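> With the sequence up front, the predicted model follows.
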Amino acid sequence: MLSFLGIGAQKAGTTWLYEQLKAHPGLAFPRGKELHFWNNPHDAAGVAAYLASFETVGTKAGEITPAYALLPVETIRVIRQHLPHLRLVYLIRNPIERAWSGALMALGRAEMTLEEASDHWFIDHFRSAGSLSRGDYGACLRNWGSVFPMEQLLVLRFEQIQSEPESLLQRCFSHVGAPALDVETLRRNGCRNAVFQGPGHPLRPSLLPVLRGLYEARIQALARALDQDLTAWLDV
């Protein structure tokens, strides 16, 4: 049975998380990563086939698709109808850094170099509906939290992958119902190795005020919702 779902966010370490969870002997991803099932058209027969594909695994099965963070409430309700006990994992990243990383990815897909892209090009990308929605973690939590009990949703932060990956993974294992692994095993599995690391271009100083203007209020609202100190996100 499908036991857990990684719902995002884009450019927040979901590929790293997938690789680490896949290495756990008690967890399985029978269909790989980023199926995009729920954010594409599907009917009752499709849902039945999708769920059946997780039934043959003898361990807890899951899938991770970052686009699920943007699912509408109606689709989330359908998911809960079929999987009321589903455990959810949401990786989030400083939305200023996430927006820059997402823009760099779009730059590559447009076959442009960093030097060819003007500030105006980047600002248009930052202000696009797609970029803004991917950084609106509060909206995601409200939508999923309006359908699933919040205790079924674990929120993890990207910076913890860099500073305390072992602790983050143990929390995730516990949440999805898998036994803990010792630190040596986690490090042997590459928990301190980067996966799909971006080009690493530093954010242009001229763009920082724009991104702060877009995300400061959202960061403050999220800090209140999570009861966490996120002031460092504004000090990039």
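Noted; the coordinates are in hand.

> which residues of this structure score low on pLDDT?
For the chain, applying pLDDT under 70 flags the ranges 196-198.

> As a check, name the ranges of all helices in it.
Using DSSP state H, the helices of the chain run over 14-22, 44-52, 73-82, 95-109, 119-126, 129-134, 137-145, 158-163, 165-176, 183-188, 208-226.

> export the ones you listed to TSV and tack on mean neighbour count and distance to W233?
The way it works is simple: take the backbone N, C-alpha and C, and place the C-beta from them, glycine included. Output for these, formatted as TSV (neighbours: other CB atoms under 10 Å; distance: least, CB to CB, whole Å):
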stretch	mean neighbour count	distance to W233
helix 14-22	21	19
helix 44-52	12	36
helix 73-82	14	26
helix 95-109	20	7
helix 119-126	16	15
helix 129-134	15	15
helix 137-145	19	11
helix 158-163	16	9
helix 165-176	19	17
helix 183-188	14	27
helix 208-226	16	5
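
> Distance to S3 for those - can I get that in TSV?
Formatted as TSV, those follow (distance: least, CB to CB, whole Å):
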stretch	distance to S3
helix 14-22	11
helix 44-52	12
helix 73-82	13
helix 95-109	27
helix 119-126	36
helix 129-134	26
helix 137-145	16
helix 158-163	22
helix 165-176	6
helix 183-188	21
helix 208-226	24
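
> right, so of the ones you listed, which gets closest to F4?
Nearest to F4 among the helices of the chain is helix 165-176 (4.2 Å), distances taken as CB to CB.

> just how off-centre is the closest one within its chain?
Offset of helix 165-176 from its chain centre (CA atoms, centre = their mean, to the nearest Å): 15 Å.

> Taking helix 14-22 as reference, get the angle to that helix.
Interaxial angle, helix 165-176 versus helix 14-22 (axes from the mean of the first three to the mean of the last three CA atoms, to 10 degrees): 70 degrees.

> any residues touching helix 165-176, and which ones?
3-4, 17, 20-21, 24, 27, 60, 62, 87, 89, 154, 156, 160-161, 179-181, 183, 186-187, 191-192 (CB atoms under 8 Å, 6 or more residues apart in numbering).

> Look up how far Q10 lies from L114.
Distance, L114 to Q10, using CB to CB, to the nearest Å: 20 Å.

> More neighbours: those two, which one.
Legend: neighbour count by other CB atoms under 10 Å for L114 and Q10, higher for Q10 (21 against 12).

> Understood, closing this out.
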